[in-house]
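> coords please:
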Amino acid sequence: MNQNELKKAAAERAVSFVQEGRVLGVGTGSTVDFFIDALAASGKKVPACVSSSVRSTEHLERLGFKVLDPNEVDEIEVYVDGADEIDSGFHMVKGGGGALTREKILASLARTYVCIADESKLVPVFGRFPLPVEVIPMAVGVVSRQLKALGGEPKLRDFTTDNGCKILDVSGLQITDPVALEEKINQIPGVVTVGLFARRGADVLLLATADGVKESAAL
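Predicted coordinates for the structure are as follows:
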């Protein structure tokens, strides 16, 4: 199976976690695009969705789903999203698609976070994928210097987030304590959020492999 086939398999499996009659949280990215299509094809009755990006919102609305503002909901029963990297503790690196702040907000609202990914995303230690950090535009310089002091090599992405902010992609880090690094980077003035989802990781991982989709739950 190629990577797209693996992503599609994980996405289709995630539909089984969708609870009819409950508001659904939907993330962002290529794997999530497959999930949205699979959800529409399933015929499951979802009263409304909450989305982490303009891209996903437009995709959902094209297929007839109602999308609410996160301020209109107190809780999301299930949130389905992908990851750029995930470890055995279900901590994640996210933000390759630029929606990390909104994704983190939805994750905080969710009772159950279902991560859908292909087997290439499972890693023993974070660091292969550059760590995204969303910053307000006036803080790009000062945050870059702080990230360099932590041993990283920040590079400004040619991209503006849905929040009107910028993203620094930080390479060169070997992240052995993702919880501590998430807290440290989030304390830098000018940082909106870092793409480490360690304090609030996934509850369920649907990992697509050549041998099928493997389901596991966080301990």
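> from A208, how far off is the residue nearest to L109 when sequence neighbours are not counted?
Of all residues not flanking L109 in the chain, I76 sits nearest, at 4.6 Å (CB to CB, 6 or more residues apart in numbering). In this view, the C-beta of every residue, glycine as well, is placed from N, C-alpha and C. Remark: distance between I76 and A208 (CB to CB, to the nearest Å) = 23 Å.
> list the contacts for the residue nearest to L109?
I76 makes contact with 23-25, 50, 106, 109-111 under the criterion CB atoms under 8 Å, 6 or more residues apart in numbering.
> just the strands from this protein, written as ranges.
For the chain, the strands identified by DSSP state E occupy 24-26, 49-51, 67-68, 76-81, 85-86, 92-93, 110-118, 131-135, 153-156, 166-171, 191-194, 196-197, 204-209, 212-217, in order along the chain.
> to Q3, which of these lies closest?
Proximity to Q3 (CB to CB) singles out strand 110-118 among the strands of the chain, at 5.7 Å.
> given the closest one, what are its sheet partners and their directions?
Sheet neighbours of strand 110-118, with direction, are listed as strand 76-81 (parallel), strand 204-209 (parallel) (DSSP bridges).
> nearest to V67, of those strands?
Among the strands paired with strand 110-118, strand 76-81 sits nearest to V67 (CB to CB), with 12.6 Å.
> any chance of the strands paired with strand 110-118 in JSON lines, with distance to K44 too?
Conversion of those to JSON lines gives the following (distance: least, CB to CB, whole Å):
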{"stretch": "strand 76-81", "distance to K44": "11"}
{"stretch": "strand 204-209", "distance to K44": "17"}
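> beta partners of the residue nearest to L109?
Following DSSP bridges, I76 is listed with bridge partners A110.
> per-residue pLDDT, it?
Confidence per residue is given as pLDDT, and for I76 that number is 96.
> roughly how far does it sit from V18?
When CB to CB is the yardstick, I76 and V18 sit 11 Å from each other.
> overlap in contacts of these two?
With contacts defined as CB under 8 Å, 6+ apart, the residues adjacent to both I76 and V18 are L24.
> what about the closest residue to S51 other than its chain neighbours, how many residues nearby?
Distance criterion CB to CB, 6+ apart; nearest residue to S51, sequence neighbours excluded, is T57 at 4.3 Å. Neighbour count for T57, taken as other CB atoms under 10 Å: 20.
> so what's V140 up against?
V140 sits next to 156, 166, 168, 190 when contact means CB under 8 Å, 6+ apart.
> quick one: buried ones out of those?
Burial by neighbour count, judged by 16 or more other CB atoms under 10 Å, picks out 166, 168, 190 from the contacts of V140.
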